[in-house]
Structure formats: structure tokens, C-alpha cells
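# build me a model:
(chains A and B)
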Amino acid sequence: MMLLSPPGIGFDTAMLIAVLLPMIGAVLLVLAGRWPNLREAVTLATAVALFITVIHLLGGYLAGEAPKLVLFDVVPGLPLAFRLEPLGVIFSLVASGLWIITSLYAIGYMRGNNEKNQTRFYACFAIALGAAMGIAFADNLLTLFIFYEVLTLSTYPLVAHKETPDARRGARIYLGILLATSIGLLLPAIIWTYAVAGTGDFQLGGILEGKIDEALLPILLGLYMFGIGKAALVPIHPWLPHAMVAPTPVSALLHAVAVVKAGVFTVLKVTVYIFGTDFLSSTDASVWLMWIAAFSIVFAGIIAMTKDNLKARLAYSTVSQLSYVTLGAMLASGYGITAGALQIMMHATAKITLFMCAGAIYVATQKTELSQMDGLGRRMPWVYGAFTVGALAIIGIPPLGGDWVKLYLVMAASDSGEKYIIYALILASLLSIGYLLPVVARGFFGNLGDRTEPAAQFNDAMPSEERIRAPRLTVIAPVITAGLCFLTLFLVGPLKELIAPLVGAH
Amino acid sequence: MMEFVMLHLPALQVVVPMLAAPICLLLMRGGLAWMLALVTAVLCFAMSLLLLQQVIETGPISYHLGGWEPPFGIEYRVDAMNAFVLVIVAATSALVLPFARRSIRAEIEPSKQALFYTVFVLCLTGLLGVTITGDAFNVFVFLEISSLATYVLVAMGARRDRRALTAGYTYLVMGTIGATFYVIGLGLLYQATGTLNMEDLAVRLQPLGDLTSVRAGFAFIMVGLALKLAMFPIHAWLPNAYTYAPSVVSIFLAATSTKVAVYVLLRFMFTVFGYDFPVVELSLSTVFLPLAVIAMFVASAVAVFQTDFKRLLAYSSVAQIGYMVLGFSMASVTGLTATMVHLFNHAAMKAVMFMVAGAVVYRVGSTAVASFAGLGRQMPWTMAAMVVGGLSLIGVPLTVGFISKWYLILGALETGDWIIAFMIVASSLIAVIYVWRIVEVAYLTPAPEGAKPVSEAPLSMLIPMWTLALVCIYFGINAELTASIGQTVAEALLNGNGVSPAVAIPEVVPATDGAMEGAAP
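Reported below is the predicted structural model:
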């Protein structure tokens, strides 16, 4: 770590650097826009530099540092401030680490598809990452909200990237729902919090206890949970499937990692630092939202089963999986928060793998529908291998990281005596088998000759057993993240240690 | 010399542009007149900054014109509130004029350009005068100077679109009605108190709250001013005036004239009558508040359906005025802070938007929404400024609009007014729709086949435009200055009880020549 700590740069400055680095990178790569190789080099260099910065911060945190940086007052008395805390460390680590891999993947994908406006694409991508870092390190609600909105706006051009009527419509819904929920519900909730508590600073144990009429607490919590549209709780989830019109690297990093994780991360942060789990569980304010989260998990799982479009299927799967985090938070116990924090990392590695595989299939064959993909696994073994690992990780089969999440959720539910939540979790796991394994099964074992649908004819047109080559980068990236899915199993110990101060010992 | 200037700053603030106007006329040539107008505007801006600084440091300034003691003579009285508005007006004029050169050359025939600048500077004089004076009748005089100038300015859009003539005429009729109402109201007050000085009025009106004629005076003045600031539902003159006026005039009016009217209204409501005056609270809660809320919704909704960019902006202005009215009708420190902050913020964002419109007229020749197709690529800087202005209108963080919304919602929640808080956010979402319509057309709709290629706006337009766009961003990230001024003003308006102790008995400062009288302790 010595190398990574240049003298004079404290950990507080390092947080600011983490936020600004991608923004500066965005400017540089716009300047380098005319030379694609240089531009991509800038992207990669920025991603690596960001990751190093975050690792440096992690080292600092583990060494017992808790840096805090107060920049200036946005409005008198309400500063823009950053602070390093465990949840933010996890989120920033996941987002910045996967950015490197996604950048590699994006280069292969964007070139392989001859996409236009690539400079805009990479620039917006970088800004989105900077915003994610701002969310990760935010020390108060105002700071968090500012970066939350920057993230929304910077990803709009990415969703609208193809500029087709479809993309326009999808992007409009994306922006519409995210802005409507954040300005319409989240902002009033935040201002309400400031009005009653006199502060919006994140403090362990919450800032609302004794400050607000407890009868109003469920309403405020509801404003937050639905206002954080990025967490995609049903019924405000439609932006996520519509965002799938974006190029796959966007879906992979933003709609499996940065954007949606920013949403559920905000959910966790608000639960832990604004409401406080003890306060929530003593008032039962979160019970109704717990049921909505459980409903989201099951409902989105069922919808996912009906989708033939692979990316849409994955999108609904994401809706379902995100609600695990919300559910964990709304259970308002140590186990619940642990499960939520773990899910941020587990789901990120698994879902990004799945999306990158879907993208690799698209680049190589231009196929988007599951029914066209029979037998494809035999011809793209690496891609389908990675997909299988990702799918199993999401389902939660040991030795992949995903099973820890379910374990902790079940423990949290049984602690609070909610047996129906346990049933819902079991049902959701079965559903995830139902919507993910068919992709694998049809890929490897699908029989080309049996099918009479046009898709089958399409397949017949090609020699069936020949290997299909996707651009190399689009295959290597998901294989790496599939490997990470195994690794996360062993990260549980350190992760738990990291968030121990938030959840108490158990 | 400097000392002399500093002493007479309040008078010079008005006298300099007033003298510059006829010289503009004598110069005859458009270019020379423009130069003089620009120098005047920059001087005015510098003076307004000096005044603001002085007021913040030493408290309110009372300047007795010609050395006549108020209430007999005319008093110019500068406190944080009107110094702030002076800065808004003067800064806008200083930024609009560099933009104006090319825009006016394209939109107004050469023989009338010197006239245009003459009238423009007159209008500036009027607005500055209304703001700075502490004499209620003097307000009327300057209000007429600015209004008459404005009618002419609006009608000068006739070369581009003949409908500017009817727009100017309607504005003339409505504006005159407003001014008449104001004078009638003032007459009633004068009859009851025998004074026209605002501070003096404030003292003498306090025991007269039950007098019917005084109450009628209050009503007349409020209606007259509401007409001037285009408060819903008497806003009908505004959309046409803004749409058909020359681009430069739209920019200037949108950023200043309604702001000045809001200022005068606040001055009367909280300083002259005072919050304790029997009907003030009643009128706020039963007239201003509901009308503000309706304006936010109705005008925003109407804006969504406009096919012309400038008209869309005009309706958006009516809605944004609703926010300003809503702020002060809460009658709380936070609410008034919101109004003051929004005066500044809205001036900046609307000026950016109308400058974009001006640049598009200059290059494309039309402000129809459809003509924005493909401009995202062809005029990248102009359209980026439009996005900044649009995001400000919505109230997205990191733009000034967010600060305004923050204080407005905070104000509503502080008084436990749930419904109002949600109305504010809901109406912001309508702004998303009308702003994004333009953004989509500009960036996602390709330019029509066979259309002439359009080049970026000239630097003389881009620089003022982006200066304002950066203002929108800077004061959205760091609003300490605007918000603290707003808060000071709000506290003074609500707690000062209308009469600040300084003015009741002005002290003579021995060092002066007698023209300048003592400021607040």
C-alpha cells in the first residue's frame, strides 16, 4: 500500500479524487475522441486509477481511518460532504472493480458492433462512475441526492444511444420514472427529514428517533423506498426493462451494477444511517414495505419466466434480485443488513456475467431471443460456461457466493418471526431456477432439428456444430467475472467484518 | 472623485442610464449607440455591485435626492432586498448587450437600431429607478418609463413577425390598466395618510388598518402590480409579448421586468403595509397562494403543448412566477428566502433559455420546436446551454433551480403543508415534459433532409449565454451568497415590522455635503 499513498494526499482527499477522477477522465477522452485507441486507453487508465484509489481507501478504512471531507455549503448549513464508511467501501469497490472489466468488454462490443457516437458513450460512462463514487462516499442526504441525479442524467444518453424510435421511447420512460420518483418522492422525503431532524447527516443508529411522529414514519419510509427509483421496487420497476434498449455494456455495468446498486445502496444507507434499524424494528414502520419487497421478488421472477428476449429476462431477474436488498433492509435487523450488503457484491458479479454473455451472443450472432438460441451453447462453450456460473450464483447454489445472501435473509426473517417471508424466498429461488436454467439447458442441450419455429430455420441456415467466435474481449470479460463469482464465496468473512460496526455482533 | 461617486452612488445608478439614453438617440448610428449602451450597462452593473457590497457591510442607505428631507423630498433607499434586485437587472443588461449586437443587426432595420438602444437604455433606467426609489409615487413614474419603453421594444419585433404589433398593443392596454390601478391605490393611501414616502407610509398606516379606503388602496395596488408581474390569471399579455418581441427584448424582459414587479409587490406587502396589516395575511392565504399553485400547474401544462420555443418559455415563465408568488405567500422566512433566491435563479435560467432562442433565430430563422431538429450536433454549445437552462427549470441538483425548489419545499413542509409540497414537485415534473420535448428534438431527431447546414452561434452570443449558464451551475452548487442574501432579506421583511429603525429619524452624516444622509446604525 505504501506505493499507493503518495505523501501529502490524505484519505479525505482520496475520496474527492475518486469522485473527480472519472469526471476528468471523461473530459480527457472527449479530447482524445478522434483517436479511438488513445480514447480507449484513457478509459482503461482512468478505470485502473480509480480502482487503485478505491483500494487505497479500503486499506485506509481497514487501518482504522474514517476520513471525512466537508467541501462547502451548497445552501447555508447544508454542506457537500464525503465520509468513508463500510457500505460505501463495498459499493465503490464493486463498481470501480467491475468498471475495468466492463471497459475491456465495451471496447470489444462497441467495435464489434460498429456502434456510432462511441466517444459520447465512453464519456457518459465515466461520468456515471464518478456519480456512483459520489453516492458511495456521500456523508449526507443532500450530497447523496445530488450525485444520484447526476447518475440519472448521465446515463440517459447511454440508454438513448442508438437514437432509434425504440431507444427514444425506452430512454424517455427511463428518465421519466427515475426523475419522477426522485424529484416527486425522494426529494420531499429528504427535505422532510431535514425539516424534522434539522440535519441530513448519516449517523449510525439514525437521526429520526424522537424527532418524528411515529405514526408518520411508515409514510416517510415509503417515500424513501419508492423515491429511490433505482432500487426498482415494484411498481416503479418498468424503467429497468426499458433501459435494456441500451448497448449491452451499459446494461451490464449500469443496470446490473452501478445504477441499480446505487439504488439499493441508498436504501441500505437510509435504513442504517437515517432511520436506524433498531428504531425501525421497534416501530414496525417497515413491515408494509417488507411485504412489497417480498412481492417484488416473486412477481418479477414470474414475469422473467415469460420473457423470450434474453436481456428482458435478465432485467426482470434484476428487479427480483434487487428487492432482496430492500427486503433485507426492511427486515431491519443485523442479519438483514448483512444480507443486503452481501447481495450488492454477489449479485453484481453474477449479473454482470450474465449480461456480458448475452452481449457476446448478440455480437457474434445478432440473436436476442431465447428461442433462437437452441444449441448455441455447444458452439460458444466459454460464453455459455460463464453464463452457467453466473446463473448458478444468482440461484444461490454453493460454492458460489449467492447462497450466503439467502442464508442471511432466511435467518433475518426467522428472527423476526416472518415465516411467510421464508416461503417467499424459497419460491423466489425456485423461480430463479425456472428463468435462468432454461437458457443454459437450451444452449447446451437444445435440439436444433426438433423445432419448427422460424427461429429453428434461422439456425438451420448455419452449420450447427461449428464454433462461433465472438470478439475476444467480449468472451474474456465474462469469464473473469464468472471466476469472481467463486471468489465472492470467500469474501464473505472479510465483508462481514467490514460491516460489523453497522449491524452489531452476531 | 471616487468619494464623490461613492456618496452619490444611489443617484448615479439611475442618472447615468437616464442621461445615456438621449445621447444614444443623438448618436444616430446603431453601432455607436450600442457601444454607449454597453458601457452604460457595464457601469450600472458595477455600481449595483458596489451598492450591494456597501449595503451588506453597513446596512441600508438612505439618499435624499437634491438634499430634500423625506418625506418631503424623494428618498432613494437601498437595502439588501433592492440592492439584490438592482444587481439582477443591471447584470442582465450588461450580459444582454454583447449578445444584442448581432441579434439586433439581424432583427431590426438599420435605421431603427439607434432608436432601439435608446429605448432599451430608457427601459433599464425605469427598472433601476423602480427598484431603488423609496418613494411610492416615484415608483409609478419609473414604472411608466420602463413600461412605455417596453411597449415600444416589444412592438419592434414587427420586422420578424407583424404580430408583435398586436402583442405590444395588448401589453400597452394591460400595462396601463395595471399602472392605473396602482395610482388609484396610491391615491387612496395618500388621502388617508398625506404622505408618499414608503417608510413614512409604513409608520402612518399602522393605526389605519381598519379604514376601508386604506384596504381598498391595498387591493388596488396589489391588483395593479399583479398585472405587471403577470400573475395568473392576469398574465394574458405575457406570452404574446415574449414570443413576438425581438430576441434581445425577450431575454431582457424575462429576466428583469417581472422580477422588479415582484420586488415592488413585496415592498408594499411587507414594508409599507407590513405583515401585521389586517388584510395582508388574508390575501396571502386566500388569493396569492391558490393562484400561485394554479399558475404552476396550468401554465406548465399549457407550456407542454406549445409548438413555438419562445412561447413555451413564456408559459414556463408564468409558471415560474407562480413559484415566486408561492414562496412569499407562505409568509415565512424560508418561503421568502425561496422567493428572493428564485428571483435571481429564474432570471439566470430564463435569460439562458431566451438567449438560446435568440441564437437559434439568428442561425435558423425560426423558433418553432420542430426547427431544433439536428441542432444538437450543429450547434452543440448552444444546445448544451439549453440543457443547462432546462435542467434548471426542472430543478435538478447542481443547477440553481434545485436551490429554489429546496427552499420552497422546505418552506411548505415547515408549515406542515403537505399538499403544497407535493404540488411543487408535481409541477416540476410537468417541467420535465416540456424541457425534454426540446432536448429530444435537438439531440435525437436528425435534421430534415435537404436542410441547409447550420453553424454554431457566433462567440458574441455564446459568451454571454455560457456566462449565464455557468451562473446557473455555480449558484446551484454553491448557493451561499444568494441564499444568505435571501435569508437576510426575508428576516428583515418579516421581523422588521415594516419600519427599520434607521429611517424613522435619519441622522445627518457630518462629513457629507448634506446630500447624503445617514445610513442605518
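# which helix or strand contains residue 488?
This is for chain A. helix A:472-503 (DSSP states H and E).
# could you do chain B instead?
Going by DSSP H and E, B:Thr488 is in helix B:480-495.
# which other helices and strands does the helix holding A:Thr488 contact?
helix A:86-113, helix A:334-365, helix A:381-395, helix A:402-415 (3 or more Cβ pairs under 8 Å, 6 or more residues apart in numbering or on different chains; DSSP states H and E). Where C-beta positions appear, they are placed from N, C-alpha and C, glycine not excepted.
# need the contact list for residue 316.
In the absence of a named chain, chain A is used. Contacts for A:Tyr316 (Cβ atoms under 8 Å, 6 or more residues apart in numbering or on different chains) come out as A:Leu240, A:Pro241, A:Ala300, A:Gly301, A:Ile303, A:Ala304, A:Lys307, A:Tyr435.
# my bad, chain B
Here B:Ser316 is in contact with B:Ala299, B:Ser300, B:Ala303, B:Lys350, B:Met353, B:Leu393, B:Ala431, B:Tyr434 (criterion: Cβ under 8 Å, 6+ apart).
# repeat for A:Gly206
Counting by Cβ under 8 Å, 6+ apart, A:Gly206 touches A:Val272, A:Tyr273, A:Ile274, A:Phe275, A:Gly276, A:Asp278, A:Phe279.
# roughly how far apart are the nearest residue to it once chain neighbours are set aside and A:Leu425?
Excluding its sequence neighbours, the residue lying closest to A:Gly206 (Cβ to Cβ, 6 or more residues apart in numbering or on different chains) is A:Gly276, at 2.6 Å. For A:Gly276, the distance to A:Leu425 equals 25 Å [Cβ to Cβ, to the nearest Å].
# repeat for B:Phe116
73 Å.
# confidence-wise, which of the helices and strands packed on helix A:472-503 is weakest overall?
Note on the helices and strands packed on helix A:472-503: lowest mean pLDDT is at helix A:402-415, with a mean of 86.
# mind listing what's buried in that helix?
Judged by neighbour count using 16 or more other Cβ atoms under 10 Å in any protein chain shown, the buried positions of helix A:402-415 are A:Gly402, A:Asp403, A:Trp404, A:Val405, A:Lys406, A:Leu407, A:Tyr408, A:Leu409, A:Val410, A:Met411, A:Ala412, A:Ala413.
# from these, which two are the most distant?
Greatest spacing in the buried residues of helix A:402-415, by Cβ to Cβ: A:Gly402 and A:Ala413 (16.9 Å).
# secondary structure element holding residue 26?
I went with chain A, as the question did not name one. Here A:Ala26 is assigned to helix A:11-31, by DSSP H and E.
# I was after chain B.
helix B:9-27.
# elements contacting that helix?
For helix B:9-27, the packing partners by 3+ Cβ pairs under 8 Å, 6+ apart are helix B:30-58, strand B:61-64, strand B:75-78, helix B:110-132.
# residues in contact with the residue in the stretch 101-250 of chain B positioned nearest to chain A?
Residue of the stretch 101-250 of chain B nearest chain A, by Cβ to the nearest Cβ: B:Phe232 (22.3 Å). By Cβ under 8 Å, 6+ apart, the contact list for B:Phe232 reads B:Leu291, B:Ala292, B:Ile294, B:Ala295, B:Val298, B:Ala299, B:Val318, B:Ile321, B:Gly322.
# turn these into JSON lines, including pLDDT and distance to chain A.
Shown next, in JSON lines, are the contacts of B:Phe232 (pLDDT from 0 to 100; distance: Cβ to the nearest Cβ, whole Å):
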{"residue": "B:Leu291", "pLDDT": "94", "distance to chain A": "23"}
{"residue": "B:Ala292", "pLDDT": "94", "distance to chain A": "18"}
{"residue": "B:Ile294", "pLDDT": "94", "distance to chain A": "19"}
{"residue": "B:Ala295", "pLDDT": "93", "distance to chain A": "19"}
{"residue": "B:Val298", "pLDDT": "94", "distance to chain A": "19"}
{"residue": "B:Ala299", "pLDDT": "94", "distance to chain A": "18"}
{"residue": "B:Val318", "pLDDT": "94", "distance to chain A": "21"}
{"residue": "B:Ile321", "pLDDT": "94", "distance to chain A": "20"}
{"residue": "B:Gly322", "pLDDT": "94", "distance to chain A": "17"}
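# filter the residues you listed down to the ones in helices?
B:Leu291, B:Ala292, B:Ile294, B:Ala295, B:Val298, B:Ala299, B:Val318, B:Ile321, B:Gly322 (DSSP state H).
# do I have it right that the fourth one meets B:Met231?
Okay, so that is B:Ala295. Yes: taking Cβ atoms under 8 Å as the definition, B:Ala295 is a contact partner of B:Met231 at 7.0 Å.
# anything in contact with each of these two?
B:Ile321, B:Gly322, B:Val325.
# now those residues in CSV, with neighbour count and distance to B:Leu238?
Output for the shared contacts of B:Ala295 and B:Met231, formatted as CSV (neighbours: other Cβ atoms under 10 Å in any protein chain shown; distance: Cβ to Cβ, whole Å):
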residue, neighbour count, distance to B:Leu238
B:Ile321, 27, 9
B:Gly322, 27, 12
B:Val325, 25, 14
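# could you dump these to TSV with distance to B:Asn82?
Putting the shared contacts of B:Ala295 and B:Met231 into TSV (distance: Cβ to Cβ, whole Å) gives the following:
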residue	distance to B:Asn82
B:Ile321	19
B:Gly322	23
B:Val325	19
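# distance of the closest residue to chain B within the stretch 401-506 of chain A from B:Thr399?
The nearest approach of the stretch 401-506 of chain A to chain B comes at A:Leu502, 26.7 Å away (Cβ to the nearest Cβ). Per Cβ to Cβ, A:Leu502 is found 34 Å from B:Thr399.
# more neighbours: those two, which one.
B:Thr399 (29 against 19; other Cβ atoms under 10 Å in any protein chain shown).
# residues contacting that one?
So, once contact is read as Cβ under 8 Å, 6+ apart, B:Thr399 ends up touching B:Met349, B:Val388, B:Leu391, B:Ser392, B:Cys472, B:Ile473, B:Gly476.
# quick one: least confident helix or strand in the chain?
In the absence of a named chain, this looks at chain A. helix A:454-460 (a mean of 49; mean pLDDT, DSSP states H and E).
# oops, I was thinking of chain B
helix B:501-504 (a mean of 38).
# what does the closest residue to chain B within chain A show for phi and psi?
Of all residues in chain A, the one sitting closest to chain B is A:Ile146 (4.0 Å; Cβ to the nearest Cβ). For A:Ile146, the backbone dihedrals (degrees, to the nearest 10) come out as phi -60, psi -50.
# what's the burial count for it?
Residues near A:Ile146, counting by other Cβ under 10 Å: 22.
# for chain A, what is the nearest residue in the stretch 251-400 of chain B?
B:Pro397 (4.0 Å).
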